[in-house]
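Undergrad: this is a predicted model, with the sequence first.
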Amino acid sequence: RAIRINRVRSANEQGRFVRLWICRKIGRLRTMRKLSKIFALIAVFASLAAIAAEKPNVIIIYTDDQGSVDAACYGSKDIETPNIDRLANAGVRFTQMLAPSAICSASRAGMLTGRFPARAGVPSNVSSAKGSSGMPASEITIAELLKLNGYRTGHVGKWHLGYTPETMPNAQGFDSSFGHMGGCIDNYSHFFYWNGPNRHDLWRDGKEIWRDGEYFGDLMVDEMKSFIEEKSDDPFFIYWAINWPHYPLQGTSKWREKYKELEHPRDKYATFVSTTDELVGSILDHLEKLGLRENTIVLFQSDHGHSVEERTFGGGGSAGPYRGHKASLFEGGIRIPSVVSWPAKFPKSEVRDQLVTGCDWFATFAEMTGAKIPEGHHLDGKSIADVILDNAASPHNGQFYWQLGANPEKAKWVVRDGDWKLLGNTSENVRPEGVTELTKDDRKLFLANLKSDIGETKNVAAENPEVVERMLKMKEAYAASILETNAARKQ
């Protein structure tokens, strides 16, 4: 076209014109290529912005009686947990995540409400008998908070927070519920056998159902997938309270064969942990298959330390370097494995050593999802969003409180103040090899400095009377605040 237009020009002029025309075309082509790359980047950033603006789905996976270090990402050498490790690689792992309590019901109440369990009306375990009340209906759960924020809410697995219509999951903010209401069940018959009379305990939305002979792990996975796949424009929240590796230790034959050389009862416990891990992996795979993983927050956390009860053969789990176990407020009873992942927003393969607690998830998920906490509602937990995102300091300034029991004078209790930890009315069923048995004075008050003695092997209360005095005053203030809340609830 350029040659035709410029026929009257000399050959040299025509050649020069053609070369200029070609250069301009090449320049335009390069510009177009650059623009296409820019537009592609804009599309990527727009997509990421859309994900950031979209409310994330939230899944809480709350295991039962899992030891402080019983995952490969926590240093376990004899238990395989590729899916817990997969979450850690895709998110943030905590080394000082402290459970709300050292027993089942209280821990769950503290996590779901963001309050000290004693303040939430669940200072200890709730009865597994039908008709027993539990967490007061006046408490606000994460499910209720997110439901008001446009979420579909589901409960799968263990409840153990009340066995009356007013205290079962559907009355505590969950649109759907599938699982057992008591502390544990046989995973095939779905009966509670641990004190008579033997009673069946499998429920869907407040109605008893029967699935005789079907493995409860498979039933939970099917329920999870069904809820996730439900057609809806709303984001979802699922509280998946896996009742494992709590007794009865009924892992699959695949893992029994894998761990047959481990000593009893570690072999049975390890089998159940890896079976649990496999369930987690099936749900992570399902989220990825549906394209939902990128914008789904997945929290994996144990409710407290490992059990040393007779029903679990006296042990099997491990607290690693920590003293204590389930029902004990030494570190081994409350320092738990915890990893959280949100691929669209959270850092990957990072570790946080700050003091954080299971009570913090209520405020954290409120912030992450844009949910508004009712004005004047008292929380003991605080958002740890900045800890996760920016490795910021703990919002607790090193201070927290535990009370296992309703009466603060008789209950087991703990006050943390920085590296100092003061335990009152403490006890233990098993102690690490080489550690001296608790004396009467130790049981009354036990002071440890976790910086110099992470294993809490020595009571240094006598050497630090001013520290004990200061922390006793803190304890009195915490206990008085809880009593005030409970008195107001009764009124």
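TA: Here it is on my side, so go on.
Undergrad: going forward, measure contacts between C-alpha atoms and count neighbours the same way
TA: Fine.
Undergrad: show me where the stretch 301-450 of the chain has its strands.
TA: Per DSSP state E, counting those that start in this stretch, the stretch 301-450 of the chain carries strands over the ranges 338-341, 350-352, 356-357, 399-404, 412-417, 420-424, 445-449.
Undergrad: can I get these in CSV including distance to Phe227, mean pLDDT and mean neighbour count?
TA: Listed next are those as CSV, based on distance: least, C-alpha to C-alpha, whole Å; pLDDT from 0 to 100; neighbours: other C-alpha atoms under 10 Å:
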stretch, distance to Phe227, mean pLDDT, mean neighbour count
strand 338-341, 20, 98, 27
strand 350-352, 30, 98, 18
strand 356-357, 28, 98, 27
strand 399-404, 35, 98, 24
strand 412-417, 39, 98, 22
strand 420-424, 42, 98, 23
strand 445-449, 46, 98, 23
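Undergrad: which among those strands is found nearest to Pro197?
TA: strand 399-404 (27.7 Å; C-alpha to C-alpha).
Undergrad: show residues contacting that closest one.
TA: The contact list for strand 399-404, computed with C-alpha atoms under 8 Å, 6 or more residues apart in numbering, reads 100-102, 106, 116-118, 123-124, 411-418, 475, 478.
Undergrad: and Leu115, how far is that from Asp360?
TA: One thing to correct before we go on: residue 115 is Arg, not Leu. Using C-alpha to C-alpha, to the nearest Å, Arg115 is found at 9 Å from Asp360.
Undergrad: which residues do those two both contact?
TA: Residues touching both Arg115 and Asp360 (C-alpha under 8 Å, 6+ apart) are 380-381.
Undergrad: look up which helix or strand the residue lying closest to Arg293 once chain neighbours are set aside falls in, please.
TA: Counting by C-alpha to C-alpha, 6 or more residues apart in numbering, Leu287 is the residue found nearest to Arg293 once chain neighbours are left out, at 4.9 Å. Element membership of Leu287, judged by DSSP states H and E, is helix 266-289.
Undergrad: go through that helix and flag the buried ones.
TA: Across helix 266-289, burial judged by 16 or more other C-alpha atoms under 10 Å covers 266-281, 283-284, 286-287.
Undergrad: distance to Gln250 added to the strands of the stretch 301-450 of the chain, as CSV?
TA: Compiled in CSV, those are given as follows (distance: least, C-alpha to C-alpha, whole Å):
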stretch, distance to Gln250
strand 338-341, 23
strand 350-352, 32
strand 356-357, 30
strand 399-404, 29
strand 412-417, 32
strand 420-424, 35
strand 445-449, 37
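Undergrad: so Tyr151 makes contact with Phe237?
TA: Yes - applying C-alpha atoms under 8 Å, one finds Tyr151 in contact with Phe237, separated by 6.4 Å.
Undergrad: looking at the strands of the stretch 301-450 of the chain, which is nearest to Leu87?
TA: Here strand 338-341 is closest among the strands of the stretch 301-450 of the chain (C-alpha to C-alpha), at 6.0 Å.
Undergrad: tell me how far that closest one is from the chain's mean position?
TA: Chain-centre distance of strand 338-341: 7 Å, with C-alpha atoms, centre = their mean, to the nearest Å.
Undergrad: start at 27, not 1
TA: Will do, 27 is the new start, and the previous item becomes strand 364-367.
Undergrad: which other helices and strands does that strand contact?
TA: helix 108-115, strand 118-120, strand 322-328 (3 or more C-alpha pairs under 8 Å, 6 or more residues apart in numbering; DSSP states H and E).
Undergrad: so how far is the first one off the chain centroid?
TA: Taking C-alpha atoms, centre = their mean, one finds the center of helix 108-115 at 14 Å from the center of the full chain.
Undergrad: swap in the last one?
TA: The gap between where strand 322-328 is centred and where its chain is centred comes out at 5 Å by C-alpha atoms, centre = their mean.
Undergrad: give me the mean pLDDT for that strand.
TA: Computed over strand 322-328, the mean pLDDT rounds to 98.
Undergrad: what angle do that strand and helix 108-115 make?
TA: With axes from the mean of the first three to the mean of the last three C-alpha atoms, to 10 degrees as the basis, strand 322-328 and helix 108-115 are set at 120 degrees to each other.
Undergrad: hey, what's the residue nearest the centre of the chain bridged with?
TA: Of all residues in the chain, the one closest to the mean position by C-alpha atoms, centre = their mean is Gln327, 3.5 Å from it. Applying DSSP bridges to Gln327 yields these beta-bridge partners: Tyr88, Ser364.
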